[in-house]
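Q: model this:
(chains A and B)
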Number of protein chains: 2
Amino acid sequence: MAHDTRSKQERKADVLARLGSAVVDAWVATAGDGEPYLVPLTLAWLDDRILLATSKTSPTARNLTARGRARIGLGPTRDVVLIDAVLERTIPVTEAPAEGAAYAAQNDWDPRTAGDSYVFLALRPERVQAWREENEIPDRLLMRDGTWLI
Amino acid sequence: MAHDTRSKQERKADVLARLGSAVVDAWVATAGDGEPYLVPLTLAWLDDRILLATSKTSPTARNLTARGRARIGLGPTRDVVLIDAVLERTIPVTEAPAEGAAYAAQNDWDPRTAGDSYVFLALRPERVQAWREENEIPDRLLMRDGTWLI
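A: I've put the predicted structure just below:
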């Protein structure tokens, strides 16, 4: 175990720092009709919501529209953040000035340039876990039912 | 674009080298009853099958047993391998000498030490994609219906 065990407070601070940093690459899992879907996407963080930008016909957008839930992993796999989130709003990128500005500021791409076929998916985190190695498996739960535990 | 565009042949070789290397950390997505599940797991590669080792009561094992499908991502997210795979066999770790030896040789842990509650899940890849950046999005499909295209 190379790392010290972080307190829950430290982990929450680390999670928020990562979500707010430039170019956050995430693995986004959704479920279709019993079928798992998984794809790497960049995200942005605005007003305590995760913003994804995808084509409205992508499996991620279709699964979220139909079922409302995603599970999002930030890596590497030995410095994990896992977020269960629910779809709050779907907004065409051309009608989302605040989301567009926030996403573009945090990423190397502005989804508004993709035009009408793209949407922002605003997800509300409900459950957040963070751990590095075995020593951090206890205390990995940081948010439950949408409320930070610390 | 920092990288040259790899040929499909190069990507297949890279995928096989990664699957066969020591300590392959992967994101494993499965679907429950409309619910996405995602967790980081290490895997091993034996006889063209992906071996996972988990508790038989874990959501990953339960979802795979019920629905038979996983989607597995190897990162980082800008050097991606995505594998759609189907469950071929579930074997108690205590009854799996070949799988146990292969998994232990490739990992820093031997699941056989976990005892009866753990199983190996042997997954057959059906679809494999690999890409780094935008320039590699064409030609990202390397296996379809269980057959390498190159």
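Q: which outside residues touch stretch A:122-131?
A: A:11-12, A:14-15, A:46, A:48-52, A:64, A:70, A:72, A:80-91, A:99, A:136-137, A:140-146, A:148 (Cβ atoms under 8 Å, 6 or more residues apart in numbering or on different chains). All C-beta atoms are positioned from the backbone trio N, CA, C, and that covers glycine.
Q: from those residues, list the ones also adjacent to chain B.
A: A:70, A:72, A:80, A:82 (Cβ under 8 Å from any Cβ of the partner chain).
Q: what residues are bridge-paired with the second one?
A: With beta bridges defined as DSSP bridges, residue A:72 has these partners: residue A:28, residue A:83.
Q: wait, it touches residue A:50, no?
A: Yes - the pair residue A:72 / residue A:50 is scored as a contact, 6.8 Å apart, by Cβ atoms under 8 Å.
Q: scan chain A for its longest helix.
A: Ranked by residue count and defined by DSSP state H, the top helix of chain A is helix A:8-19.
Q: could you dump that one to CSV, C-alpha only?
A: In CSV, the C-alpha atoms belonging to helix A:8-19 read as follows (Å, rounded to 0.1, in the frame of the first residue of the first chain):
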residue,chain,number,x,y,z
LYS,A,8,-13.7,11.1,4.0
GLN,A,9,-13.2,14.9,4.0
GLU,A,10,-10.1,14.6,2.0
ARG,A,11,-11.8,12.3,-0.5
LYS,A,12,-14.7,14.7,-0.9
ALA,A,13,-12.3,17.5,-1.6
ASP,A,14,-10.4,15.3,-4.1
VAL,A,15,-13.7,14.3,-5.9
LEU,A,16,-14.8,18.0,-6.2
ALA,A,17,-11.3,19.0,-7.4
ARG,A,18,-11.4,16.3,-10.1
LEU,A,19,-14.9,17.1,-11.3
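Q: and that helix, which residues are buried?
A: A:11-12, A:14-15, A:19 (16 or more other Cβ atoms under 10 Å in any protein chain shown).
Q: take the ones next to chain B among the contacts of stretch A:122-131 and write them to a markdown table, including pLDDT and neighbour count.
A: Converted to a markdown table, those look like this (pLDDT from 0 to 100; neighbours: other Cβ atoms under 10 Å in any protein chain shown):
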| residue | pLDDT | neighbour count |
| --- | --- | --- |
| A:70 | 98 | 26 |
| A:72 | 98 | 24 |
| A:80 | 95 | 20 |
| A:82 | 97 | 22 |
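Q: tell me which two of the residues you listed sit farthest apart.
A: Greatest spatial distance among these (Cβ to Cβ): A:70 and A:80, at 15.9 Å.
Q: output the below-cut-off pLDDT ranges for chain A.
A: Applying pLDDT under 70 to chain A flags the ranges A:1-2.
Q: gap between the longest helix of chain A and the chain center?
A: Taking the mean of its C-alpha atoms, helix A:8-19 sits 14 Å from the chain's own mean (Cα atoms, centre = their mean, to the nearest Å).
Q: list of residues touching that helix?
A: With Cβ under 8 Å, 6+ apart, helix A:8-19 has contacts from A:6, A:24, A:43, A:45, A:50, A:74, A:81, A:128, A:130-131, A:136, A:139-140, A:142, A:148-150.
Q: if we use 7 Å, what do you get?
A: A:24, A:45, A:74, A:81, A:128, A:130, A:139, A:142, A:148-150 (Cβ atoms under 7 Å, 6 or more residues apart in numbering or on different chains).
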